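Student: Structure here, sequence nowhere to be found:
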């Protein structure tokens, strides 16, 4: 899954909203284009809770979006993921 530099800050902000939460659901939606978006969610599957960062897209002729590539991890790993994304953001800023 790719996160374009132009929307990296929005993804980080949506993930930061998960810190300390117990509430399940979609916490943020970041538009990539007219046909794609990234959804950040905290969900339960087979009794285990996890954070999901996943691209959703419109398939040819479909009216509803479908899930695409993404990553899933335990909430305990959120801070490490945020640190990595913040580091990437800092490197991008330094390069510009």
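Tutor: Perfect, thanks for sending it. Just so it is clear, the structure is predicted and the values come from calculations on it, not from any experiment.
Student: From here on, just use CA atoms for contacts and neighbour counts.
Tutor: Will do.
Student: in stretch 15-31, what counts as buried?
Tutor: 15, 18, 26, 27, 28, 29, 30, 31 (16 or more other CA atoms under 10 Å).
Student: Run through this structure and note the low-pLDDT ranges.
Tutor: Residue ranges of the chain with pLDDT under 70: none are present.
Student: three-state assignment of the residue located most distally from the centre of it?
Tutor: Distance to the chain centre peaks in the chain at residue 61, reaching 25.1 Å (criterion: CA atoms, centre = their mean). Using DSSP: H, G, I helix; E, B strand; the rest coil, the structure places residue 61 in coil.
Student: State the distance from it to residue 42.
Tutor: The gap separating residue 61 from residue 42 is 29 Å, by CA to CA, to the nearest Å.
Student: I'd like the distance between the residue most central in space within the chain and residue 18.
Tutor: Taking CA atoms, centre = their mean, the centroid of the chain lies closest to residue 53, which sits 3.2 Å from it. Using CA to CA, residue 53 is found at 12 Å from residue 18.
Student: What of residue 37?
Tutor: For residue 37, the distance to residue 18 (CA to CA) stands at 18 Å.
Student: repeat for residue 80
Tutor: Note on residue 80: its distance to residue 18, by CA to CA, is 13 Å.
Student: Tell me what residue 31 is bridged to.
Tutor: Under DSSP bridges, the beta-bridge partners of residue 31 are residue 37.
Student: So residue 51 sits against residue 41, correct?
Tutor: Yes - counting by CA atoms under 8 Å, residue 51 does reach residue 41; the two are 5.7 Å apart.
Student: Tell me where the longest helix sits in this protein.
Tutor: As assigned by DSSP state H, the longest helix anywhere in the chain is helix 78-95.
Student: buried stuff in that helix?
Tutor: Buried residues in helix 78-95 (16+ other CA under 10 Å): 78, 82, 85, 89.
Student: Check stretch 50-64 too.
Tutor: Neighbour counts over stretch 50-64 (16+ other CA under 10 Å) mark 50, 51, 52, 53, 54, 55, 56, 57, 58 as buried.
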